[in-house]
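Undergrad: just a sequence and a predicted model for now, questions to come.
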Amino acid sequence: MAKINGNEIRIGNVLEHNGGLWAAVKVDHVKPGKGGAFAQVEMRNLRNGSKLNERFRSADKVEKVRLEQKDQQFLYETDGMLTFMDIETYEQIELPAELLGDCRPFLQDGMIAVIEFHEEEALNARLPQKVTCKIVETEPVVKGQTAANSFKPAILDNGVRVMVPPFVGQDEDIVVNTETMEYSERA
């Protein structure tokens, strides 16, 4: 494990802090008028899901943990637990569905997700950055509407509501960025 300074913490970093493994969810670098700068870090515990807000000064040293990443295929969900299978060894693991948070509706049958392990313990799951979805409901195209940056609401086949450009119609496949939950392009 590597030690990093408090001002080097980035979103997605996994830190060993107070005897637990924490993922940095939100990082704000604050430069107050008086005193030294610090990083305000919102962290989520990878084992129990609790949240913690912590301040790290640039002089503070933090243990950065490197997680082993494996591609695994999503099989099914039962009682709030997601079952994934290692595509090489066919071993199956279960992870709680709330790990995915807002991205949960984008998980599709047979999808390959990246599962992060720490010493053989599965801790986290990440979906592909871009997922293809079908639009089931949106407003029709209005002729002559050419204003730049105009978007209209659309509901996807997984129930998620996104904003799409006016030229995209109903029953079309689009690519959605799972990190920002925004329209990316036509499929």
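TA: Now that the structure is in, tell me what you want to look at.
Undergrad: can you find the helix or strand of this structure with the lowest average pLDDT?
TA: Every helix and strand in the chain was compared by mean pLDDT, DSSP states H and E; the lowest is strand 121-126, with a mean of 84.
Undergrad: buried residues, it. List them.
TA: Judged by neighbour count (16 or more other Cβ atoms under 10 Å), strand 121-126 contains these buried residues: 122-126. All C-beta atoms are positioned from the backbone trio N, CA, C, and that covers glycine.
Undergrad: closest one of those to Phe38?
TA: Of all those, Asn124 has the smallest distance to Phe38: 26.3 Å, by Cβ to Cβ.
Undergrad: contacting residues for the closest one?
TA: 23, 46, 67, 99, 115-116 (Cβ atoms under 8 Å, 6 or more residues apart in numbering).
Undergrad: could I get those as a markdown table with distance to Glu54?
TA: Below are the contacts of Asn124 laid out as a markdown table (distance: Cβ to Cβ, whole Å):
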| residue | distance to Glu54 |
| --- | --- |
| Ala23 | 13 |
| Leu46 | 15 |
| Leu67 | 20 |
| Leu99 | 21 |
| Ile115 | 26 |
| Glu116 | 21 |
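Undergrad: buried only: go through these for me.
TA: Among those, those classed as buried by neighbour count (16+ other Cβ under 10 Å) are 23, 46, 67, 99, 115-116.
Undergrad: now Trp22: closest residue in space, sequence neighbours ignored.
TA: Once flanking residues are discounted, Trp22 sits nearest to Met43: 3.9 Å by Cβ to Cβ, 6 or more residues apart in numbering.
Undergrad: okay, domains of this structure per the record?
TA: Domain ranges of the chain: 2-65, 68-126, 130-186, per automatic domain parsing.
Undergrad: can you tell me the average pLDDT over the first one?
TA: What that stands for is domain 2-65. Mean pLDDT, domain 2-65: 87.
Undergrad: ends of it, what's the gap?
TA: Terminal residues of domain 2-65 are spaced 7 Å apart (Cα to Cα, to the nearest Å).
Undergrad: mind giving me the packing neighbours of the helix or strand where Gln69 lies?
TA: Using DSSP states H and E, Gln69 sits in strand 68-78. Under the contact definition 3 or more Cβ pairs under 8 Å, 6 or more residues apart in numbering; DSSP states H and E, strand 68-78 sits against strand 81-86, strand 112-118.
Undergrad: isn't Ala37 up against Phe56?
TA: No: using Cβ atoms under 8 Å, Ala37 makes no contact with Phe56, being 10.4 Å away.
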